[in-house]
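Student: When you get a sec, could you give me coordinates for this:
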Amino acid sequence: MSVGRLENEWAILQQQFDSYEKYSLLIKLINIGLLSAAYFSNAMGLMIMFLLLVVWGQDAIWKTFQSRIENRLLIIEQFIVKGADEEGYQYNSQYQKNSFSGFALIVEYARQAIRPTVAFPHAVLLFIMFVDFFYSIKRHCIASQVGHSKLI
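Tutor: Here you go, the predicted model:
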C-alpha cells in the first residue's frame, strides 16, 4: 500500500475533524442564544433547563462522532510515520471493530459531555439558570413579605 492513499485519507478526515469543531461551536452558540432569549423574555423555567440539557447532549453526541474520526486520524498518522504498509480508506471498517452500542454508547456520550471543551459553556449556562431561579425565589419571598406587611 502506498503512503499516498493514507495521506489522502488523513487529509479528508482532518478536514472533517475540523468541520466538526465549527459545528460544535455553533451548537454552543445556539444554547447561549436559547438562554439569552429565555432570560430577556422572562421565560426562564423548567422547560428551558431541559432544552439546555438536550442541546448539551447533542453537543456530546456530535463530539462523539468527531472522536471516531480522531481515532482513525491517530492510527493513520502512526502508519505514515512508520511507513507501514496499511490499506487506506478503512474508516468504517475500523469504526465497526471499536464501536459502542447500548449502554456503552450512552456512557461514551456522557464522557464526551463532561470534557471541559464540551461542558463549557453548557454547564455555565445551567449554573446561570440556577442562580436566576434562586434569586427569583428570593425576590418572590421578599415581595410577598412586603405585600403582607402592607396589609397589616
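Student: so where does the most centrally placed residue in the chain fall, helix or strand?
Tutor: For the chain, residue 59 is the residue whose C-alpha lies nearest the centre (Cα atoms, centre = their mean; 2.5 Å). With elements taken from DSSP states H and E, the one containing residue 59 is helix 46-82.
Student: list the buried ones in the one helix or strand residue 37 maps to?
Tutor: If you go by DSSP H and E, residue 37 is part of helix 3-40. For helix 3-40, a neighbour-count test (16 or more other Cβ atoms under 10 Å) marks 3, 6, 9-10, 13, 17, 20, 24, 27-28, 31-32, 34-35, 38 as buried. Where you see a C-beta, it was placed from the backbone N, CA and C, and this is true even at glycine.
Student: same question, stretch 61-75
Tutor: 61, 62, 63, 64, 66, 68, 69, 72, 73, 75.
Student: Please apply the same query to stretch 104-113.
Tutor: 108, 109, 112, 113.
Student: so where's the chain shaky on pLDDT?
Tutor: The chain contains residues with pLDDT under 70 at 1-3, 146-152.
Student: Neighbours of residue 60, how many?
Tutor: 22 (other Cβ atoms under 10 Å).
Student: In contact with the closest residue to the residue nearest to the centre of the chain other than its chain neighbours, which residues?
Tutor: Using Cβ to Cβ, 6 or more residues apart in numbering and skipping the chain neighbours, the partner closest in space to residue 59 is residue 27 (4.5 Å). Residue 27 sits next to 55, 58, 59, 62 when contact means Cβ atoms under 8 Å, 6 or more residues apart in numbering.
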